[in-house]
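**Student:** Have a look at this fold, sequence not included:
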């Protein structure tokens, strides 16, 4: 993984010192909250419903054991003993005192972490496939490119005040676990005639106007990629609307201007900017790539892995759902679910974070990943250690065998924390998980992605959930809309709204009606919910939700 240079360390320390002085001025009253707001947002500090919230970047979701232990220490010392992992591969601390935030930032800097550009109208934390560098069938590890983009975009003088926030995701695998089509820029690494490059998507995004990204260029060779991206952002910076924040994202710019016109302007801007790079970006990329050399894999026998699976049904269920193939024989990719039934999706206690750090250091080349699905991954784990790791996770409440299943729910903080939320999200996720666990239907239902947002901003990615749930306020009453058929994979699609919303106490029964309809309609256990929906469309599920008339009075 990338290791900070002296320049990096000095840059971050200077920013912390600057912010410390700004915090002191806010506390003594020299700065009003309105004056302080843009300064704190530049350092990842939000003012939420009940308290400040610090959002910390985990670039492309990669961290080591020392960094995870430091996050655990920060949570324990300055928060309430836990952190919340997000869909942007960040971690959020929800209860810091303002006076403590500079100390938290200094502690992050001690292990090469920061909160710069995790907020504001700038290029945010660059995300990537959480199986990067480990997955079988990968074109190339996308993380060096993500790191190059991070370095280029951090404090970029031209792009600190964009029309709106700007998000970039990179994948090197056809499965597209990074949801590139739902980002302002999505990069899919491809090879053409042996040359590595990227298919560039632009104009994706969720929120109040969800859109799937369009292909801007089907192949940009790697040496041209950074100047091409700079051209894209420069065109957006010029054309993006600043008169209406709801229409300021690049997706609206692409929609209003047209993809062909955007492509022509980007081409002209690229031609003007390309020579300014003079190859220095490729020198940087080469140096960065060297730091992402794979671990020293050695031939690994699987030990008693097959016997453990044969004799221990709990272990077998765990490996069935939480283990993915690794590119190296004898290894596995292990996803540790932060979605125990009834738990808050994405939350991890300090003790759990320390355990994960210890397991990574002892068994898995001291490397961890955070997924956009709010789970933690040990990307390089020899199969012969899986039983020991599982047993340790079991004692810490981290061995839930549900990755990719119904209770592996993405949920935003909703009204429990967020000042923008219009409905609760966390309790809905908890009740769905515990309800279906009690019914013992989760494994029978099979692969399913449920995503829940507590407001129209769609931080829970509900638009691309197989089942999406959006909580809204209808005249002071929570109402939950359901969308079906969304998908964030390589053939990404926005889900279709089923109909009127449901009251809080009706949403879990509504989800049960949908899933019992699926179980009765599927063509055998191999046909997933999404496959069944694509085969039959909305009609049978709408009938299950609302009855033969297909309507229901809105909960409001």
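**Tutor:** On my side now, so go ahead. Values in this document were obtained by computation on a predicted structure and should not be read as measured data.
**Student:** how about the nearest residue to residue 274 once chain neighbours are set aside, phi and psi?
**Tutor:** Take residue 274 and drop its neighbours on the chain: the residue closest to it by Cβ to Cβ, 6 or more residues apart in numbering is residue 227, 4.6 Å away. (C-beta placed from N, C-alpha, C; glycine too.) With angles defined as degrees, to the nearest 10, residue 227 sits at phi -60, psi -30.
**Student:** now do residue 84
**Tutor:** Main-chain torsions, residue 84, degrees, to the nearest 10: phi -120, psi 120.
**Student:** number of nearby residues for it?
**Tutor:** A count of nearby residues for residue 84, using other Cβ atoms under 10 Å, gives 23.
**Student:** May I have the residues that are in contact with the closest residue to it other than its chain neighbours?
**Tutor:** Closest residue in space to residue 84, ignoring its immediate chain neighbours: residue 92 at 4.6 Å, by Cβ to Cβ, 6+ apart. If a contact means Cβ atoms under 8 Å, 6 or more residues apart in numbering, then residue 92 has 53-56, 83-86 as its contacts.
**Student:** now swap in residue 298 and tell me
**Tutor:** Taking Cβ under 8 Å, 6+ apart, one finds nothing in contact with residue 298.
**Student:** Secondary structure class of it, three-state.
**Tutor:** Following DSSP: H, G, I helix; E, B strand; the rest coil, residue 298 is assigned to coil.
**Student:** quick one: it from residue 472, how far?
**Tutor:** With distances taken as Cβ to Cβ, to the nearest Å, residue 298 is found 54 Å from residue 472.
**Student:** next one: residue 146
**Tutor:** Taking Cβ to Cβ, one finds residue 146 at 34 Å from residue 472.
**Student:** do the same with residue 335
**Tutor:** Distance from residue 335 to residue 472, by Cβ to Cβ: 32 Å.
**Student:** How about residue 4?
**Tutor:** Here the criterion is Cβ to Cβ. By it, residue 4 lies 43 Å from residue 472.
**Student:** Same check on residue 525?
**Tutor:** In this view, residue 525 and residue 472 are 35 Å apart by Cβ to Cβ.
**Student:** cool, residue 442 as well?
**Tutor:** Taking Cβ to Cβ, one finds residue 442 at 27 Å from residue 472.
**Student:** Quick check: residue 225 is in a helix.
**Tutor:** Yes - secondary structure assignment places residue 225 in a helix (three-state DSSP).
**Student:** contacting residues for it?
**Tutor:** 145, 187, 197-198.
**Student:** at 7 Å instead, please
**Tutor:** Residue 225 is in contact with residue 198, counting by Cβ atoms under 7 Å, 6 or more residues apart in numbering.
**Student:** what about it, distance to residue 130?
**Tutor:** From residue 225 across to residue 130, the span is 22 Å (Cβ to Cβ).
**Student:** what helix or strand is residue 196 on?
**Tutor:** Using DSSP states H and E, residue 196 sits in strand 195-202.
**Student:** Then residue 379?
**Tutor:** Assigned by DSSP H and E, residue 379 falls in strand 376-382.
**Student:** Can you give the contact residues for that strand?
**Tutor:** Outside strand 376-382, the residues that reach it (Cβ under 7 Å, 6+ apart) are 130-131, 133-134, 295, 300, 330-336, 338, 356, 359-360, 363-365, 367-371, 389.
**Student:** next SSE after it?
**Tutor:** Following strand 376-382 toward the C-terminus (DSSP H and E): helix 386-395.
**Student:** what angle separates that following helix from strand 376-382?
**Tutor:** Inter-element angle recorded for helix 386-395 and strand 376-382: 150 degrees (by axes from the mean of the first three to the mean of the last three Cα atoms, to 10 degrees).
**Student:** Can you list the strands that the helix or strand that helix 386-395 is followed by pairs with?
**Tutor:** Note on helix 386-395: by DSSP H and E, the next helix or strand toward the C-terminus is strand 410-411. Sheet partners assigned to strand 410-411 using DSSP bridges are listed as strand 450-453 (parallel).
**Student:** Contacts made by the following helix or strand past the strand it pairs with with the rest, please.
**Tutor:** Following strand 450-453 in sequence order, the next helix or strand is strand 467-474 (DSSP H and E). Contact with strand 467-474 is made by 414, 422-425, 428, 450-455, 462, 478-484, 486, 495, 501, 507, 511, 514, 554-556, as judged by Cβ under 7 Å, 6+ apart.
**Student:** ok, now stretch 525-538?
**Tutor:** Residues outside stretch 525-538 that contact it (Cβ under 7 Å, 6+ apart) are 445-448, 466, 484-485, 487, 496, 498, 518, 521-522, 541.
**Student:** at 10 Å what do you get?
**Tutor:** Residues from elsewhere that reach stretch 525-538, judged by Cβ atoms under 10 Å, 6 or more residues apart in numbering: 406, 444-450, 466-467, 483-487, 489, 493, 495-499, 514-515, 517-523, 540-541, 545, 550.
**Student:** out of those residues, which are inside strands?
**Tutor:** 450, 467, 483-484, 496-497 (DSSP state E).
**Student:** Need those in a markdown table (columns: pLDDT).
**Tutor:** A markdown table is the format used below for the ones in strands among the contacts of stretch 525-538 (pLDDT from 0 to 100):
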| residue | pLDDT |
| --- | --- |
| 450 | 98 |
| 467 | 98 |
| 483 | 98 |
| 484 | 98 |
| 496 | 98 |
| 497 | 98 |
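**Student:** Now, of these, which are buried?
**Tutor:** 450, 467, 483-484, 496 (16 or more other Cβ atoms under 10 Å).
**Student:** Now residue 81. Nearest residue, chain neighbours left out?
**Tutor:** Distances taken as Cβ to Cβ, 6+ apart place residue 350 nearest to residue 81, at 5.2 Å, with adjacent residues excluded.
**Student:** Repeat that for residue 374.
**Tutor:** Once flanking residues are discounted, residue 374 sits nearest to residue 346: 3.5 Å by Cβ to Cβ, 6+ apart.
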